[in-house]
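Trainee: starting from these lines, generate the structure:
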Amino acid sequence: MLPDRYEIKEIIHATEISRVCVVERDGQEFVAKLPPLGNEHAEKRFAREILALQRAAGLNTIPLIDFDESRSWYVMPRAVGNLASFPAPFTVDAAIAVLEAITSSLAPLHAAGEVHRDLKPGNILWLHDAQGGRWVVADFGIVRNPAGLTTTGLTRTGRFLGTDGWAAPEQSVDAHAVTPTADVYAAGLIAAWMLTGVHPSAGAVDQLVGKPLSSAISRAVSEKPHRRHASMDAFMAACRAELVQTKPSLASLIAQGAFNEITSVGITQPGVRDAQLDALAALTPHERDRWFSAEQEGLTDVLTKAIDGLVEDVNMISFSATVDPILKHGVEVLHKLALSQLPGTRQFAVTVFGGIADIHQFAPASLALDRIDALPIQAQDTIRAALHEAGAWDFFAQMASDRFPSRRRTPLLIELAGQ
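Mentor: Numbers count the residues shown, from 1 in each chain. As a prediction, this is how the structure comes out:
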């Protein structure tokens with residue numbers, strides 16, 4: 001029973017195994033999910049759903065906001081919409097983002113032998129909260145526990161579980177025995193629908209022929225489970241490999257000036273990263289300025305992903321040929337942002353300063369101090385805050401203290417140097 005602190009405003013959806021309602025608490029709207037009254041099996045399955053949500057908790061799983069010890073209800077944030085509510089077809093990058101979210105969400109379940117069994121566009125939600133906008137997987141109501149740990153009576157041989165048109169064919173034979181490849185199958189159908197705008201039952205997979213990701217998706221949706229990708233990670237790897245073969249390289253897009261076509265996809269992916277980073281490092285100042293003018297947000301996004309990736313794994317990458325040039329590009333772009341006090345300046349400054357300090361790169365740090373010293377006073381408050389937020393103040397303070405006084409002209413540089 002939902003406690004009195006929640007007021008039910010609207011019933012969104014009701015089936016034999018659940019009720020989904022919009023509820024209000026302290027003037028804020030949430031979504032509550034409850035089992036139907038008087039259905040013992042549904043109540044047991046519902047408790048299992050909450051446990052599965054707890055095990056799958058992460059950035060790409062719908063958060064649990066509230067529930068009680070009896071696990072007879074739970075509350076989650078209200079999403080902006082589900083995947084089915086957005087117009088299809090989608091771009092390849094959008095499809096990849098959804099597949100990445102599914103992979104991230106289900107990783108702990110699949111590792112334990114559990115299966116979602118009900119992946120479909122309606123259960124992939126767009127959530128926007130304090131952590132930003134992202135896709136999250138929801139509705140773990142028919143998750144299959146690991147072999148040997150299933151709840152007797154909840155899943156019977158010969159009883160179909162899932163959503164017709166999206167569920168793997170073996171779920172109609174023995175939903176109890178399915179493996180994580182059943183979720184790979186459903187994820188493949190979701191990707192096919194996203195790229196074609198055609199429902200799987202109307203031939204979405206057939207219409208993929210000759211289009212990006214067609215090979216990876218075709219294997220994912222094989223009728224035979226053993227012929228599919230063995231895991232969501234393997235499916236994602238196949239998608240990325242296929243994109244590398246079909247997508248124009250970053251270097252070619254830069255050379256063509258096609259900056260609006262450049263995305264950060266691949267910047268940190270093994271097998272793709274090195275070529276992407278090399279292309280970024282080889283940017284000329286003229287190309288960088290053209291990119292900034294044409295697609296400022298795109299450039300900062302690509303550089304952010306690149307610098308974050310360098311911090312995470314800088315091994316086997318040339319410092320002089322790759323790391324330093326990319327960090328210096330970050331400094332120059334940050335200088336442009338700071339001069340105009342454009343949105344995102346502080347966030348990008350945190351990335352750039354944090355990257356330089358974490359990797360301990362002195363040449364980019366020296367350039368950063370030159371550019372900081374050339375900023376007007378009103379722009380330096382943002383830079384000061386970013387240095388502290390990035391945990392980079394001490395590193396840059398040491399660099400500033402080693403400079404000649406003639407290269408410490410502004411209050412911020414003087415403050416950094418401890419003068």
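Trainee: show me where the stretch 201-350 of the chain dips below the pLDDT cut-off.
Mentor: 246-247, 265-266, 268-272, 315 (pLDDT under 70).
Trainee: can you name the residues that contact residue 169?
Mentor: Neighbouring residues of residue 169 by CB atoms under 8 Å, 6 or more residues apart in numbering: 185, 223. To be clear about C-beta, it is placed using only N, CA and C from the backbone, and glycine gets the same treatment.
Trainee: ok, residue 48 touching residue 144?
Mentor: No - using CB atoms under 8 Å, residue 48 is not in contact with residue 144, being 9.5 Å away.
Trainee: which one's more surrounded, those two?
Mentor: Between residue 48 and residue 144, counting by other CB atoms under 10 Å, residue 144 is the more crowded of the two (28 against 20).
Trainee: what number of residues lie near the residue lying closest to that one once chain neighbours are set aside?
Mentor: Nearest residue to residue 144 in three dimensions, chain neighbours excluded: residue 115, at 4.3 Å (CB to CB, 6 or more residues apart in numbering). By other CB under 10 Å, the residues close to residue 115 number 26.
Trainee: equivalent analysis for the one 10 residues further on, please.
Mentor: Close neighbours of residue 125, defined as other CB under 10 Å, add up to 24.
Trainee: doesn't it belong to a helix?
Mentor: No - counting by DSSP: H, G, I helix; E, B strand; the rest coil, residue 125 is not found in a helix; it is strand.
Trainee: dump the residue contacts of it.
Mentor: 62, 79, 80, 81, 82, 83, 135, 136, 137, 138.
Trainee: and it, what pLDDT?
Mentor: The score at residue 125 is 97. That number is its pLDDT.
Trainee: ok, now how distant is it from residue 80?
Mentor: With distances taken as CB to CB, to the nearest Å, residue 125 is found 8 Å from residue 80.
Trainee: what is the neighbour count of the closest residue to residue 89 other than its chain neighbours?
Mentor: Of all residues not flanking residue 89 in the chain, residue 197 sits nearest, at 3.9 Å (CB to CB, 6+ apart). Neighbourhood size, residue 197 [other CB under 10 Å]: 13.
Trainee: my guess is residue 197 contacts residue 86, does it?
Mentor: No - between residue 197 and residue 86 there is no contact under CB under 8 Å: 10.9 Å.
Trainee: which segments of this protein make up each domain?
Mentor: Per the record, the chain has its domains at 7-77, 81-146+156-245, 248-416, by automatic domain parsing.
Trainee: export these as a markdown table, with columns for distance to residue 1.
Mentor: Written out in a markdown table, the entries for the domains of the chain read as follows (distance: least, CB to CB, whole Å):
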| stretch | distance to residue 1 |
| --- | --- |
| domain 7-77 | 7 |
| domain 81-146+156-245 | 19 |
| domain 248-416 | 44 |
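Trainee: remind me what the helix or strand harbouring residue 76 packs against, helices and strands.
Mentor: Taking DSSP states H and E as the definition, residue 76 sits inside strand 74-77. Applying 3 or more CB pairs under 8 Å, 6 or more residues apart in numbering; DSSP states H and E, we find strand 74-77 packed against strand 28-34, strand 66-67.
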